[in-house]
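[1] 3D, please:
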Amino acid sequence: MKKTFAMLLAIVMTLALCACGQSAAPAATEAPAAAGTEAADTAAGEAAAPAYTFKLAHAMMENTPQHMGAVKFQELVAEKTNGQVEITIFPAGQMGSDTEVAEMLQTNAIDCAIIPTAKLSGFYAPLQVIDLPFLFPSKEVTYSVLDSAEFKDMLFGPMKDLGFTGINFWESGFKQITANKEITSPDDLKGLKIRVMESPLLIAQYKALGANPVAIDFSEVYNSLQQGAADGEENPLNSIVNMKFYEVQDNMTLSNHGYLAYALMFSNGTWDSLSAELQAAITEAADEAVAYERQCNADMEDGYIQTIKDSGTAVYELNDEEKAVFAEAVKPVHEQFRDVIGSDVLDATYKLIDAA
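    Have a look, this model is predicted:
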């Protein structure tokens, strides 16, 4: 009887152990499943992190169309690269002057920047073609030329050898003249000290008009006007308002005598590190951002003029006949810089303007 009981007890214990083994099996399969989920979560987190974080610099204030365009570019790049590329913006000259930032691009110390073409012309002279006075008759013609593949290839292509990868042209817009006297003809500029950017072409332009051009850094213009180091200056409306130049000037003339373009540039090191797919996505983002930036500028211009008028600064708009007098006075500047710009570049630009 005892033997029978012992045998039964052994059978029961064996069945219990088997039952325990069967319940343990699912537990063993659950552990790898949990580990797999954790690995997937980690992979998803890594995929969400940007593969590239780029610094973008510009000298304009945060309430300007250029900065608004930069923010749009930042958003579009993140969207079109599925978060692989992140842009960090450094506005208002935080990374240095335009010239310093350009030099940083050449050494790959910064990734990208929005820089006036007049400043970049110090590195590549043919860019001065954009600064020629009374070159573009309208915004529509200007955009048609600047956005054409032919124009971009002609100017940006050779800059690759200098360390720059040009993407497209942004704007500050058509330039106007402010001064402490009314300007309605070239004679009114004679003897006046007019602030310009550090550009041989712009200096020559005002010499042709009888003025005394002085190159002053953008950040010093307000003080220079206030203290009499300059009697006047030229800038697009957004710069005149956002830098409050109108506060220290009695008059503004709407002349549209020149166009101030900016170029979105990447350092070669940064651009060449990207795949063709990412380059295409960033280029597409840049083209959409520049259209947005130009529209912001157009939307704000009427308000800029009203702000200047409300301050007590007198605003005078040149008529077509008066513009023609100015254009004739500065016409020799085009030929004066033909060899500097390059006859091929100048003539090709004229043809693109005529076609537009």
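
[2] C-alpha from now on. contacts and neighbour counts both.
    Fine.

[3] shaky segments in the stretch 51-200 of the chain?
    Across the stretch 51-200 of the chain, nothing is flagged by pLDDT under 70.

[4] check the stretch 201-350 of the chain too.
    If you take pLDDT under 70 as the line, the stretch 201-350 of the chain has no such spans.

[5] all the helices of it, residue numbers only.
    221-227, 237-242, 268-272, 276-310, 320-336, 338-341, 343-355 (DSSP state H, counting those that start in this stretch).

[6] what is the burial count for the residue lying closest to A208 once chain neighbours are set aside?
    Nearest residue to A208, sequence neighbours excluded (Cα to Cα, 6 or more residues apart in numbering): V330, at 5.8 Å. V330 has 21 neighbours, counted by other Cα atoms under 10 Å.

[7] Y124 versus V330, what's the distance?
    Going from V330 to Y124 by Cα to Cα, to the nearest Å gives 23 Å.

[8] one more: G342?
    For G342, the distance to Y124 - Cα to Cα - is 11 Å.

[9] next one: C112
    In terms of Cα to Cα, C112 sits 17 Å off from Y124.

[10] same question for Q205.
    For Q205, the distance to Y124 (Cα to Cα) stands at 19 Å.

[11] now swap in M104 and tell me
    Where Y124 is concerned, M104 sits at a distance of 16 Å (Cα to Cα).

[12] residue boundaries of the strands in the chain?
    Under the criterion DSSP state E, the chain carries strands at the ranges 52-57, 85-90, 112-116, 164-179, 193-196, 212-215, 232-236, 251-254, 259-267, 314-317.

[13] elements contacting the last one?
    By that I understand strand 314-317. Helices and strands touching strand 314-317, by 3 or more Cα pairs under 8 Å, 6 or more residues apart in numbering; DSSP states H and E, are strand 251-254, helix 276-310.

[14] buried residues in the longest one?
    In other words, helix 276-310. 278-279, 281-287, 289-290, 292-294, 296-297, 301, 304-305, 308 (16 or more other Cα atoms under 10 Å).

[15] then the shortest one?
    Burial within strand 251-254, assessed by neighbour count using 16+ other Cα under 10 Å, is assigned to N251, M252, T253, L254.

[16] go on, stretch 319-332?
    Residues of stretch 319-332 classed as buried by neighbour count (16+ other Cα under 10 Å): K323, F326, A327, A329, V330, K331.

[17] swap in stretch 206-213?
    For stretch 206-213, a neighbour-count test (16+ other Cα under 10 Å) marks Y206, K207, A208, L209, G210, A211, N212, P213 as buried.

[18] more neighbours: which of C112 and Y124?
    Using other Cα under 10 Å as the criterion, C112 and Y124 rank with C112 on top: 30 against 18.

[19] identify the residues contacting that one.
    By Cα atoms under 8 Å, 6 or more residues apart in numbering, the residues touching C112 are F54, K55, L56, A57, L105, L264, M265, F266, S267.

[20] that one and S267, how far apart?
    The gap separating C112 from S267 is 6 Å, by Cα to Cα.

[21] tell me the span between the first and last residue of stretch 83-94.
    Start-to-end, stretch 83-94 (Cα to Cα) is 25 Å.

[22] okay, buried residues for that stretch please.
    Within stretch 83-94, the residues that qualify as buried are G83, Q84, V85, E86, I87, I89, F90, P91, A92, G93, counting by 16+ other Cα under 10 Å.

[23] thinking again about what came up before, mind listing what the residue nearest to A208 touches?
    Each residue near V330 by Cα under 8 Å, 6+ apart is listed here: P133, Q205, A208, L209.

[24] same question for K80.
    Counting by Cα under 8 Å, 6+ apart, K80 makes contact with A281, I282, A285.

[25] with distance to H67 as added columns, please give the residues you listed in a markdown table.
    Shown next, in a markdown table, are those (distance: Cα to Cα, whole Å):
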| residue | distance to H67 |
| --- | --- |
| A281 | 20 |
| I282 | 17 |
| A285 | 15 |
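
[26] for K244, state which of these is nearest.
    Nearest to K244 among those is A285, at 31.5 Å by Cα to Cα.

[27] and the residue lying closest to L264 once chain neighbours are set aside, how many neighbours?
    Among residues not flanking L264 along the chain, I114 sits closest, at 4.6 Å (Cα to Cα, 6+ apart). Using other Cα under 10 Å, I114 has 27 neighbouring residues.
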